[in-house]
Structure formats: C-alpha cells, structure tokens
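Engineer: need a 3D model of the following:
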Amino acid sequence: TTAGSKDGEDPVAKTIRSKIETLADEKEVYELPITWTLLELEIRQACSKQGKAYISFGECVALARETGLMSKEEEIKSVLLYHHLLGVLIYFEEVPGLCEYVIVDHQWWFDKLSGIITSTFQRSSLDQHAAHKLKYQGLLSKELLQHIRWQDEIKEEFFLSLLVHMRIIAPVLTEVEEYFIPFIL
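Structural biologist: Purely as a prediction, here's the structure:
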C-alpha cells in the first residue's frame with residue numbers, strides 16, 4: 001500500500017508484485033543433490049573442530065572421500081563453486097593461488113583485510129617512511145606487509161592474490177613491490 005493512503009494498494013506495487021509472481025512461476029527448479037549440502041556442512045564442521053576459518057582444497061577432497069559423499073575432484077569443485085555463488089563459502093577455482101583454500105568464515109576474511117590497515121598504523125617499530133606512504137599515498141610496500149602478524153598458516157601471497165582479484169588493491173610497477181589501496185585515501 002502507499003504510505004498513508006486509505007485508497008488501498010499502490011498500482012506500481014501491484015504491477016511489481018504481479019511481475020515477480022509471473023517470473024517465479026516461469027523459473028525452472030533444479031534439484032540439488034543432498035550430498036552437496038552435506039559436504040558444505042562437513043567442511044564447516046571440520047573447520048569448527050580445528051578452530052579455523054578456512055580449509056585447504058586438499059582437505060576438502062579428503063573429507064568428501066572419507067565421508068563417502070563424493071570422490072571426483074571436479075564434482076567437489078562444482079560444490080565449492082555453487083556455495084561460493086550462494087555466498088556461503090569463498091572459493092576461486094580459476095585464480096592461481098586462490099584455488100588452494102576455501103574460506104568458510106567471511107568475518108575472518110574481513111578481519112584479515114582490516115588487519116592489513118590497522119596493524120600498520122599501530123606499530124611504532126615500522127618503517128616510518130613506508131607507513132607514511134601507506135597513510136598518505138595509499139601505497140603498501142612488501143616490507144610493511146611482512147610486519148603484519150597473520151597468525152595463520154595461509155601465506156600473505158594468498159591474501160595479496162585475493163585482494164588483487166577482488167580489486168581491493170592493485171600492484172604498482174615500481175622498483176620495489178608495492179600495492180595501491182585506494183580506500184585508504
């Protein structure tokens with residue numbers, strides 16, 4: 001209904017509702033194998049037991065085979081990509097370096113991203129020139145990045161690849177390895 005209207009339903013809202021109902025009726029329904037959902041739950045449970053927010057692709061394959069859910073790597077990749085598209089997991093099959101891990105906790109990923117920024121400003125022992133370049137030019141040097149405590153076995157190269165892939169940072173062609181982070185400016 002139109003806000004404050006006593007005349008009934010808004011004709012625009014009625015038209016939109018009708019279009020949505022028509023599209024919903026026309027949409028094909030796909031049956032999803034229950035094993036796809038079960039594998040996603042097994043992955044989450046394994047991460048929870050290990051106290052980790054991610055799992056390696058190899059561990060996913062082993063888990064799928066151990067539980068008898070599936071054995072083919074291609075099907076396992078399809079499951080991960082499906083759940084990635086739903087926003088349940090983070091998995092990039094086609095990106096070198098990123099296909100090695102599956103992230104199940106989005107908050108962990110965001111914490112890592114914010115950690116890149118906050119930890120560089122909080123440490124007084126950092127190279128002041130590099131910290132100044134980050135703060136005022138948005139340039140993150142490889143040396144500055146090495147001061148961040150990742151506290152995980154995932155390498156910084158994974159995060160750099162993920163940040164570049166998501167277009168959060170961009171490599172800069174200079175004598176030293178640097179990355180441009182526009183959202184700092």
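
Engineer: contacts and neighbour counts: CA atoms only from here.
Structural biologist: Fine.

Engineer: what is the neighbour count of the closest residue in space to residue 184 that isn't next to it in sequence?
Structural biologist: Nearest non-adjacent residue to residue 184, counting by CA to CA, 6 or more residues apart in numbering: residue 138, 5.6 Å away. Residue 138: 19 surrounding residues under other CA atoms under 10 Å.

Engineer: could you do residue 88 as well?
Structural biologist: 16.

Engineer: ok, it touching residue 104?
Structural biologist: Yes: if you go by CA atoms under 8 Å, residue 88 and residue 104 touch, sitting 7.0 Å apart.

Engineer: which residues does the residue nearest to residue 184 contact?
Structural biologist: 180, 181, 182, 183, 184, 185 (CA atoms under 8 Å, 6 or more residues apart in numbering).

Engineer: and those residues, which two are furthest apart?
Structural biologist: 180 and 185 (10.0 Å; CA to CA).

Engineer: can you verify residue 69 is assigned to a helix?
Structural biologist: No: secondary structure of residue 69 (DSSP: H, G, I helix; E, B strand; the rest coil): coil, not part of a helix.

Engineer: so what's it scoring on pLDDT?
Structural biologist: Residue 69 is assigned a predicted lDDT (pLDDT) of 93.

Engineer: burial measure for it, as a count.
Structural biologist: Residues near residue 69, counting by other CA under 10 Å: 16.

Engineer: that one is in contact with residue 33, isn't it?
Structural biologist: No: the pair residue 69 / residue 33 is not scored as a contact, 10.2 Å apart, by CA under 8 Å.

Engineer: with that, I have no additional questions.
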